[in-house]
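In: sequence first, predicted model second:
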Amino acid sequence: MASVSGLCSSFPSLKPNNRIGGELSPVRKDSLAVSTRSNSSFKHSVARELSADLSKTNDVAGLKQAKQDGLEKDPKALWRRYVDWLYQHKELGLYLDVSRIGFSDEFVSEMEPRFQAAFKAMEELERGAIANPDEGRMVGHYWLRNAKLAPNPFLQVQIDKTLAAVCDFADAVISGKIKPPSPEGRFTQILSVGIGGSALGPQFVAEALAPDNPPLKIRFIDNTDPAGIDHQIAQLGPELASTLVIVISKSGGTPETRNGLLEVQKAFREAGLDFAKQGVAITQENSLLDNTARIEGWVARFPMFDWVGGRTSEMSAVGLLPAALQGVDIREMLIGASMMDEATRSTVLRKNPAALLALCWYWATDGIGSKDMVVLPYKDSLLLFSRYLQQLVMESLGKEFDLDGNRVNQGISVYGNKGSTDQHAYIQQLREGVHNFFVTFIEVLRDRPPGHDWELEPGVTCGDYLFGMLQGTRSALYANDRESITVTVQEVTPRSVGALIALYERAVGIYASLVNINAYHQPGVEAGKKAAGEVLALQKRVLAVLNEASCEDPAESLTLQEIADRCHAPDDIEMIYKIIEHMAANDRALIAEGDCGSPYSLKVFLGECNVDELYA
Ligand SMILES: O=P(O)(O)OC[C@H]1O[C@](O)(CO)[C@@H](O)[C@@H]1O
């Protein structure tokens, strides 16, 4: 069995940063705004004009010309382009090939000042600028893998202390020093309860890196779907008694996560188990979740920091604790991320893989998200990378307004599963159908651990087929003018996964600067949450009206119009219909006449009077 002891317990200091100047003084908000303002004017002069009217003369003639000419097809010229633009990170064994994206030298020159502004903004962000102005927050996920970068000693201590606490706790759980009250005397399972950024990183890393026989196996509740929750609990069966439940929520108040916790606590009660002896919270200090865990005396609490966003929290306790408990070498993940951070601080575009990605994204999508990003890892263990990137990219870049308040409706759509599986699903459309995407291939050179390979036909292994499928698809798409990027790593290891996460975090940050948006807030999510709250409030009124009617006469049934009128919500009749339909399907309202297929004919009632409710 793998053990993290020794991997976690003593952390050698990570590589020092190459931050320009190296001083720790925070940067004023307005200095960040200056650089982004210039990005904004660029965006309007370039991206909008390009997409709106490609025939008009503007300041990126090179870009237009290249797009009109199509992609380079001469094999010799293409090979030269490949070699010329190939990025290699020697120590990480990571390559980035951007040769199949058709940007021209002129475009790169035009973009250069914008990239320099973006690099400056990233430097200021890393020094502690308020890079998330709407929320008045610093953005510090880069400090998590190199605490010396944090803008003050207090934060440095917080980071180091949390990391040490995560490692100590994981060691103690795996060794059986911290154990459940059950007779087995050892935790065998983790049930992670969280959603969005509080689930996607741990899910991706578990799939990518957990060994075949981890010290603790992990399951996830990442939704408020009761059937999904029941399924996870049922799968645990008697092992619920040896399950460590990790509840993860930065805000500590996300409804789906709260519901998951309440459902799990109910299951514990029904099994005669004491939840507090098996519960762990990862959340901001003094959040609702933190206070609950403290008051109820849960096994442990770990902090989430105000300056780390959910979607960039994989290197905080959110991602590190579950990973360490599964026997993943989290020190290696941090080193991989730190090495990539160092590489992506380069202010030379060609030497900065995150900037190269941002350049490709800008070119491929005209800087306005006109094409989707299809992420295709050719490795089963990286299946969830596209889902992880979907939140990282779309929640960060999908914004209505830019930093100057202009309506821009920015974003890049991300989807994908894995190759070559997807070749038998949707690659037909990518090759021949609507041209609304660019592809990112993720290639892993090592097929299997050394010594395990065999030739299933003379000279050819199973992994050769996977390789062939990737190369074949890349060529076939290119031949039809479909652009692609290829990221190559040697192996899927904690180090390479840490590096991939860091690469994309920085690419998103740089791209956000290029298009002048705040990548670190998510105001759009609030609208849906607010509307959901209003639906539940309306449901309570509907229930009260039906209850009142039942108390007057248990057989009295009401039409939708009568319910809407009694709720004083005639304009909400459609939503009332949906509420009734859902309640009827769950035996919480009875249909007296008609059916849900004919809303006008429908008459419903509760069938019983809840007197307590009536006078509540
Ligand atoms: O960690 P929390 O606060 O529960 O939030 C979960 C997720 O919900 C969001 O806030 C969106 O609603 C994400 O940004 C976040 O990752």
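Out: Yep, that arrived.

In: tell me, what's the model's pLDDT at the residue of the stretch 301-450 of the chain at minimum distance from the ligand?
Out: As assessed by C-beta to the nearest ligand atom, the ligand sits closest to G310 within the stretch 301-450 of the chain, at 2.5 Å. C-beta coordinates here come from the backbone N, C-alpha and C atoms, glycine included. G310 is assigned a predicted lDDT (pLDDT) of 98.

In: kindly report the same for I580.
Out: With respect to pLDDT, I580 has a value of 97.

In: ok, then the element right after the helix or strand containing it?
Out: In this assignment (DSSP states H and E), I580 forms part of helix 573-585. Later in the chain than helix 573-585, the nearest helix or strand by DSSP H and E is strand 590-593.

In: any idea how far the helix or strand just after that following strand is from the chain center?
Out: Next along the chain after strand 590-593, taking DSSP H and E as the criterion, comes strand 603-605. Counting by C-alpha atoms, centre = their mean, to the nearest Å, strand 603-605 is centred 43 Å from the centre of its parent chain.

In: what's strand 603-605 packed up against?
Out: In terms of contacts (3 or more C-beta pairs under 8 Å, 6 or more residues apart in numbering; DSSP states H and E), strand 603-605 is packed against helix 523-552, strand 558-559, strand 590-593.

In: which residue is the nearest non-sequential neighbour of the residue of the stretch 301-450 of the chain closest to the ligand?
Out: Computed as C-beta to C-beta, 6 or more residues apart in numbering, the closest residue to G310 that is not its neighbour in sequence is G197, at 2.5 Å.

In: next, the contact list for the one you found, please.
Out: 250, 309-313, 318, 391, 395 (C-beta atoms under 8 Å, 6 or more residues apart in numbering).

In: roughly how far does it sit from E314?
Out: Computed as C-beta to C-beta, to the nearest Å, the G197 to E314 distance reads 8 Å.

In: tell me which stretches of the stretch 401-550 of the chain form strands.
Out: 414-415, 437-444, 455-457, 460-461, 484-489 (DSSP state E, counting those that start in this stretch).

In: wait, which of the ones you listed is closest to Q561?
Out: Each of the strands of the stretch 401-550 of the chain was scored for nearness to Q561 using C-beta to C-beta, and the closest is strand 414-415 (42.3 Å).

In: distance between that closest one and the chain's centre?
Out: In this view, strand 414-415 has its centroid 11 Å away from the chain centroid, taken as C-alpha atoms, centre = their mean.

In: just stretch 582-600 next, same as before
Out: Relative to its chain's centre, stretch 582-600 lies at 38 Å (C-alpha atoms, centre = their mean).

In: first vs last residue of it, how far apart are they?
Out: Length of stretch 582-600, first residue to last, C-alpha to C-alpha, to the nearest Å: 17 Å.

In: again, but for stretch 297-313
Out: Stretch 297-313 end-to-end distance (C-alpha to C-alpha) = 25 Å.

In: wait, the residue of the stretch 301-450 of the chain closest to the ligand sits on A199?
Out: No - at 9.1 Å, G310 does not count as touching A199 under the criterion of C-beta atoms under 8 Å.

In: what does the stretch 151-300 of the chain have sitting close to the ligand?
Out: Within reach of the ligand by C-beta under 6 Å from any ligand atom, the stretch 151-300 of the chain has these residues: 195-198, 249-251, 254, 257.

In: by neighbours, which of those wins?
Out: Among these, the one with the most neighbours (other C-beta atoms under 10 Å) is S249, at 30 neighbours.

In: who does that one bridge with?
Out: Counting by DSSP bridges, S249 forms beta bridges with T283.

In: what residues does it make contact with?
Out: S249 neighbours (C-beta under 8 Å, 6+ apart): 194-195, 198, 257-258, 282-283, 287, 289.

In: follow-up on the earlier one: just to be sure, which of the residues of the stretch 151-300 of the chain next to the ligand are found in strands?
Out: Cross-referencing these against strands under DSSP state E gives S249.

In: okay, and the residue nearest to P322 when sequence neighbours are not counted sits in which element?
Out: Among residues not flanking P322 along the chain, P202 sits closest, at 4.5 Å (C-beta to C-beta, 6+ apart). In the assignment (DSSP H and E), P202 maps to helix 200-209.

In: what does that helix rub up against?
Out: 192, 194, 218, 220, 222, 248, 311, 313-314, 318-319, 322-323, 326, 328, 333, 381-385, 387-388, 391, 492-494, 497, 501.

In: now with 6 Å?
Out: 192, 218, 220, 314, 319, 322-323, 328, 381-384, 388, 391, 492, 494, 497 (C-beta atoms under 6 Å, 6 or more residues apart in numbering).

In: which helices and strands sit right next to whatever helix or strand comes next after it?
Out: For helix 200-209, the following helix or strand on the C-terminal side (DSSP H and E) is strand 217-221. Judged by 3 or more C-beta pairs under 6 Å, 6 or more residues apart in numbering; DSSP states H and E, the packing partners of strand 217-221 are strand 189-193, helix 226-236.
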